[in-house]
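> below: sequence and its predicted model.
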Amino acid sequence: MPLPLSAIPTQPRDNEPANAVRESAETLSLLARRRSLKLMHLTAPAPSSDELDALIALAARVPDHGKIGPWRFVVIDGDGRDRAGDTLEKVIHADEGVDDARREFVRGWFNRAPACVMVVSSPRPNPKVPEWEQVLSAGAVCFNLLLAAHALGYAGSWLTEWPVFDERARAALGLTPEERIAGFVYLGTPGQGAAERVRADVSSRISRF
Ligand SMILES: Cc1cc2nc3c(=O)[nH]c(=O)nc-3n(C[C@H](O)[C@H](O)[C@H](O)COP(=O)(O)O)c2cc1C
């Protein structure tokens, strides 16, 4: 069962301690145990509209050099999934080698999960904040959204797939030429447990000066 929205703490006041209110084994457990769930295992109900707004507000609490907010969010849920899927289908409709089965699949693209948040990286030219930093901030937003969703009782998966790399799809989904899709974060209720995946050997990736 998802936690009630009232379980989400308010944002901090100035000069409040920045660490957790108390040491939190639950938070450590979330970090140690969270896994993405395949889309087919994300079941209804989706997070409600209010829950999505609250999750996005949490997700946006990421390091952001210059307080630029170099990202934005497009919620694709409910009927919006059909509209967004139709939009993608129009992009590939007349492409060479695309048959009716592929058109149908692409039309149902966003119905593969109960809800999706498209996280858009919107870097702004800034003399003090390189674009790289702004793009990294958008990646942090995607993961923060996943973490928040899991903490509320949902599950999800951060995917890109072809629309991210197709200029026509990006434009059709409303992006400017300067923007990129940092990820489609698909969300829903976990229908089953998640397989653990092979994790990178961290110790071989740590060195010390
Ligand atoms: C930026 C980004 C894009 C991804 N895109 C895809 C994708 O298009 N297709 C896919 O199967 N997995 C993709 N993945 C991997 C999935 O998110 C994968 O299920 C995930 O890494 C599982 O790790 P987790 O269990 O720690 O969440 C992507 C991961 C990242 C970080």
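Perfect, thanks for sending it. Numbering: from 1, shown residues only.
> next up, the contacts around the residue of the chain found nearest the ligand.
Going by C-beta to the nearest ligand atom, the ligand is nearest to Ser36 of the chain, at 3.2 Å. Yep, even glycine has a C-beta here, placed from its N, CA and C like the rest. Ser36 makes contact with Leu146, Ala155, Gly156, Ser157, Trp158, Ala194, according to C-beta atoms under 8 Å, 6 or more residues apart in numbering.
> tell me the most packed of those residues, by neighbour count.
Ranked by neighbour count (other C-beta atoms under 10 Å), those have Gly156 at the top, with 30 neighbours.
> that one looks like it's in a strand, true?
Yes. Assessed with DSSP: H, G, I helix; E, B strand; the rest coil, Gly156 lies in a strand.
> before we move on, back to that, what strand or helix carries the residue of the chain closest to the ligand?
Using DSSP states H and E, Ser36 maps to neither a helix nor a strand.
> quick check: phi and psi at it.
Note on Ser36: its backbone torsions stand at phi -70, psi 150 [degrees, to the nearest 10].
> could you check the pLDDT of it?
You'll see Ser36 listed with a pLDDT of 96.
> for the ligand, what are the nearby residues on this structure?
Counting by C-beta under 6 Å from any ligand atom, the residues of the chain close to the ligand are Arg35, Ser36, Ser157, Trp158, Leu159, Thr160, Glu161, Gly183, Arg197.
> state the pair within the residues you listed that is farthest apart.
Longest distance between any two of these is 19.1 Å, between Arg35 and Glu161; criterion C-beta to C-beta.
> what helices and strands are in contact with the longest helix seen in the chain?
For the chain, the longest helix by residue count, based on DSSP state H, is helix 131-152. Judged by 3 or more C-beta pairs under 8 Å, 6 or more residues apart in numbering; DSSP states H and E, helix 131-152 is in contact with helix 25-33, helix 49-59, strand 71-77, strand 115-121, strand 155-159, strand 180-190.
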